[in-house]
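# Sequence and predicted structure are below.
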Amino acid sequence: MSAAVRVFVPRDSAALAVGADEVAAALQAEAARRGLSIEIVRNGSRGLFWLETLVEVATPAGRVAYGPVMPEDVPSLLDAGLLSGGAHPLHQGLTEAIPFLARQERLSFRRMGVTDPLSLADYEALEGWAGLRAALALDGATIVQQVLDSGLRGRGGAAFPTGIKWKTVLAAEASQKYIACNADEGDSGSYADRMVMEGDPYMLIEGMVIAGLAVGATRGYVYIRSEYPQAIAVMNEAIARATAAGFLGENVCGSGRAFTLEVRKGAGSYVCGEETAMLESLEGKRGVVRAKPPLPAIEGLFGKPTVINNVLSFAAVPLVLSRGPAFYRDYGVGRSRGTLPFQLAGNIKQGGLVEKAFGLSLRELLIDFGGGTASGRPIKAVQVGGPLGSYLPESQWDLPLDYEAYAAAGAVLGHGGIVVHDDTADMAKLARYAMEFCAIESCGKCTPCRIGSTRGVEVIDRIRGNQNREQQVTLLRDLCDTMTHGSLCAMGGMTPFPVLSALNHYPQDFGLAESEAAKP
Amino acid sequence: MNPPIELQVREVLASQPVQDGALLPLLHAIQERLGHVPPEAVPVLAEYLNLSRAEVHGVVSYYHFFRTTPPGRHVVQVCRAEACQARGAESLMAHAEKALGCAVHATRADGAVTLEPVYCLGLCASSPAIQIDDKLHARMTPARFDQLTKGLL
């Protein structure tokens, strides 16, 4: 009897949401009915979401992809010789050769969709734990130096050098230090953190253990938003397995060093993605932003020195340790080193995850990778960096995607989320939504954000209703100025980014003349 | 018959580990067991954690996820965030209100379903997205919405 053919059906939320479980069940049933021997592996997602459910078959030539597969496609796929990579309308060829994937520079995401996320053997076979093993041979200061030398900056959006943060915590004297992972990925258009947790959870665990070794912290928390139940379940299981295998616990890899890790579930508050609000939430309080200083690196969780990094920052660390900081630093441009997992979303034909070195242009992402809009209409506006990011018109699509170039243009890369809108979008309505979202999610601590957002909705309503329009536009700009300079955190401080970019680049949507465009 | 709410809350507390920053995990455990966080739970929690009732109430009311009244038998959440808006989330929400006979943020008079907005399910490349109870659904259309929800009413 021949060996079972390995068939991969993703278990990522975005695959489950389009019927991956049903596809797996149909494959199992139909193969059994035909007496075919298959082994279904539930892998992570490759991040080619327009092709989900993306079924892959292991063939001697490599893995062959079919997608998007619906349960009802299964009989015809098997008729066409799915198990030997046979021709079919859904046949996409060798997975690794699909241009969307082949053109990427996948460093952090190199295992994504390739492995069974919870298989320790799969992880180990593809460089898993190599960074941790390297780190165990080094002292804390040397690990910190390597992270500094890699040029890695905070991938949560603020782009603060990760190594500096770690250095501060390393230098702080305390009986207890903590590592906190910010997995409160609330930005619309962002799903890279979710993919890491669901699709390669040991990578995040490894990065956090390395951080613990570097700064002398023995406890870690992963704060995951409640909207991600699948990520919570996978992380909990991965932590249990990693602990049982000795990668976590009182004696990490037999080194005598301790590091324990725990998942904490958020509760539907966007502002808890702000690091100090997250700390409050972890402490069991309302997610209200803290004034800084003191920095969390000095007085963080429960008043102790705490490293807080985004999922993607921790995810980059194992590779920095295993291949050396120069390897990572050699990707990128200017002061933006390494890669960023960009996330194409919204009205885009080929939506998905694109990990590339900094420095490519938005146009390349939108057209070469994304293939334009899903609706087939022209792209009107692209919001980069989440709900607090600017809307970019076509004139800005050729800027290099790096932190400094974007900052100079009054925009942000944020967490790398890219939301595309076609020409039916009403930018005044989207500006109003930005203010409304801020009003819903403001923690309430500072006045410009708490009250300014509600006033902002009202002012935009008056502009749209043509009540004293010119005067109200002046008022809106003034309000945005107050929010930008007077808010305690990015929630109120950056809500003006989408609002003013919409006003400046699309004045006609606010009932203004084109000549109003790009006023200060 | 179920035991009184206060007793059920105490049972939940007894089943949970003692830990730092325990309030959120305990609230999650209570909501998981009871479907919501009833007002009767507040004094019990306050006493258990040595907090004031105001502090516990403040936390419960701060977070969107915690409910203080029971939801309908099914909960339908429609994502309203930008990536879903770019693919018609607003008209989908309007359709949902009509199809379910229930306004957003409300529960149908017969208790069959609660309709809520949600701000990002992380399915932004396959928008618009919704969640029905524990199950996610992406690339949603009004026709598919009707198909998925007809059994709920």
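Structure received.
# Distance of B:Thr114 relative to B:Leu34?
Taking CB to CB, to the nearest Å as the measure, B:Thr114 and B:Leu34 are separated by 15 Å. Glycine gets a C-beta too; all of them are placed from N, C-alpha and C.
# If you count surrounding residues, which of these two has more?
Higher neighbour count among B:Thr114 and B:Leu34: B:Thr114, with 22 against 18, using other CB atoms under 10 Å in any protein chain shown.
# That one: helix or strand, and which one exactly?
According to DSSP states H and E, B:Thr114 maps onto strand B:113-118.
# quick one: stretch A:87-105 to chain centroid distance?
Using CA atoms, centre = their mean, to the nearest Å, we find the averaged C-alpha position of stretch A:87-105 to lie 23 Å away from the chain's own average C-alpha position.
# ok, that stretch near chain B or not?
No: Stretch A:87-105 stays out of contact with chain B when judged by CB under 8 Å from any CB of the partner chain, the minimum separation being 11.6 Å.
# what's near enough to touch B:Tyr119?
When contacts are counted by CB atoms under 8 Å, 6 or more residues apart in numbering or on different chains, B:Tyr119 touches A:186, A:188, A:270, A:437, A:440-441, B:79-81.
# please redo it, this time with the cut-off set to 6 Å
Residues near B:Tyr119 by CB atoms under 6 Å, 6 or more residues apart in numbering or on different chains: B:Ala81.
# Neighbouring strands - and their directions - for the strand holding B:Thr114?
Strands adjacent to strand B:113-118 in the sheet, as given by DSSP bridges, are strand B:74-79 (parallel), strand B:106-107 (antiparallel).
# That strand: what's the following helix or strand?
Assigned by DSSP H and E, the successor of strand B:113-118 is strand B:130-132.
# which residues are contacting that following strand?
Taking contacts as CB under 6 Å, 6+ apart, the residues outside strand B:130-132 that touch it are B:76-78, B:137, B:140.
# for stretch A:229-248, same thing?
When contacts are defined by CB under 6 Å, 6+ apart, stretch A:229-248 is touched by residues A:13, A:118, A:120, A:194, A:197-198, A:201-202, A:205, A:222, A:224, A:249, A:259, A:261, A:263, A:265.
# can you tell me how far the nearest residue to A:Thr59 once chain neighbours are set aside sits from A:Arg34?
With sequence-adjacent residues excluded and distances taken as CB to CB, 6 or more residues apart in numbering or on different chains, A:Thr59 is closest to A:Gly85, at 4.4 Å. In this structure, A:Gly85 and A:Arg34 are 17 Å apart, going by CB to CB.
# that older thread, what residues sit buried inside the strand holding B:Thr114?
The neighbour-count criterion (16 or more other CB atoms under 10 Å in any protein chain shown) identifies B:113-118 as the buried residues of strand B:113-118.
# Take these and lay them out in JSON lines including pLDDT.
Listed next are these as JSON lines, based on pLDDT from 0 to 100:
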{"residue": "B:Val113", "pLDDT": "98"}
{"residue": "B:Thr114", "pLDDT": "98"}
{"residue": "B:Leu115", "pLDDT": "98"}
{"residue": "B:Glu116", "pLDDT": "97"}
{"residue": "B:Pro117", "pLDDT": "97"}
{"residue": "B:Val118", "pLDDT": "97"}
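# any idea how far the residue sitting nearest the centre point of chain B is from B:His36?
Central residue of chain B (CA atoms, centre = their mean): B:Phe65, 5.6 Å from the mean position. Between B:Phe65 and B:His36 the distance, using CB to CB, works out to 11 Å.
# returning to that earlier point: from the contacts of strand B:130-132, keep the buried residues only.
B:76-78, B:137, B:140.
# Please identify which of the contacts of strand B:130-132 is nearest to A:Gly324.
Distances from A:Gly324 to these, taken as CB to CB, are shortest for B:His137 (44.2 Å).
# Phi first, then psi, for that closest one.
B:His137 has phi and psi values of phi -140, psi 130 when expressed as degrees, to the nearest 10.
# ditto for A:Arg450
In this entry, A:Arg450 is assigned phi and psi values of phi -60, psi -50 (degrees, to the nearest 10).
# So it versus chain B, what's the distance?
Between A:Arg450 and chain B the computed distance is 13 Å (CB to the nearest CB, to the nearest Å).
# Make sure that residue is actually in contact with A:Ser442.
Yes: using CB atoms under 6 Å, A:Arg450 is in contact with A:Ser442, at 5.0 Å.
# The two: who's more crowded?
Neighbours of A:Arg450 and A:Ser442, each counted by other CB under 10 Å, are more numerous for A:Ser442; the result is 24 against 17.
# Surely that one and A:Cys449 touch.
Yes: counting by CB under 6 Å, A:Cys449 is a contact partner of A:Ser442 at 4.7 Å.
# and chain B, which of its residues are near chain A?
By CB under 6 Å from any CB of the partner chain, the part of chain B that sits against chain A consists of B:21-24, B:28, B:58-59, B:62-66, B:81-83, B:86-87, B:120-126, B:136-138.
# Are any of the residues you listed buried, and if so which?
B:21-24, B:28, B:59, B:62-66, B:81-83, B:86-87, B:120-126, B:136-138.
# ok, so of the contacts of strand B:130-132, who is nearest chain A?
Closest to chain A out of the contacts of strand B:130-132 is B:His137 (5.5 Å), distances taken as CB to the nearest CB.
# The closest one bridge partners, please.
Assigned bridge partners for B:His137, using DSSP bridges, are B:Ile130.
# try A:Ile308
With DSSP bridges as the criterion, the beta-bridge partners of A:Ile308 are A:Ala180.
# what's near enough to touch it?
Contacts were defined as CB under 6 Å, 6+ apart; by that measure A:Ile308 touches A:180, A:182, A:275, A:296.
# swap in A:Val311?
With contacts taken as CB under 6 Å, 6+ apart, A:Val311 has the following neighbours: A:183, A:193, A:196, A:204.
# count of neighbours near the third one?
What it means is A:Val196. Here the number of neighbours of A:Val196 (other CB under 10 Å) works out to 28.
# so it sits in a helix?
Yes: counting by DSSP: H, G, I helix; E, B strand; the rest coil, one finds A:Val196 located in a helix.
# ok, now how distant is the most centrally placed residue in chain A from chain B?
The residue lying closest to the centre of chain A (CA atoms, centre = their mean) is A:Ala192, at 2.9 Å. Computed as CB to the nearest CB, the A:Ala192 to chain B distance reads 9 Å.
# residues contacting B:Pro38?
For B:Pro38, the contacting residues are B:Ile5, taking CB under 6 Å, 6+ apart as the criterion.
# want to throw the strands paired with strand B:113-118 into CSV with mean pLDDT?
Shown next, in CSV, are the strands paired with strand B:113-118 (pLDDT from 0 to 100):
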stretch, mean pLDDT
strand B:74-79, 98
strand B:106-107, 97
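# Including distance to A:Gly346, could the ones you listed go into CSV?
What follows is those, written out as CSV (distance: least, CB to CB, whole Å):
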stretch, distance to A:Gly346
strand B:74-79, 12
strand B:106-107, 28
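# I'd guessed A:Val320 sits against A:Tyr328; true?
Yes: at 4.9 Å, A:Val320 and A:Tyr328 qualify as touching, with contact defined as CB under 6 Å.
# show me where the stretch 301-450 of chain A has helices.
A:311-323, A:325-329, A:362-363, A:403-408, A:427-441, A:447-450 (DSSP state H, counting those that start in this stretch).
# any chance of those in TSV, with distance to A:Ala345 and mean pLDDT too?
Output for the helices of the stretch 301-450 of chain A, formatted as TSV (distance: least, CB to CB, whole Å; pLDDT from 0 to 100):
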stretch	distance to A:Ala345	mean pLDDT
helix A:311-323	16	98
helix A:325-329	26	98
helix A:362-363	13	98
helix A:403-408	18	97
helix A:427-441	15	98
helix A:447-450	25	98
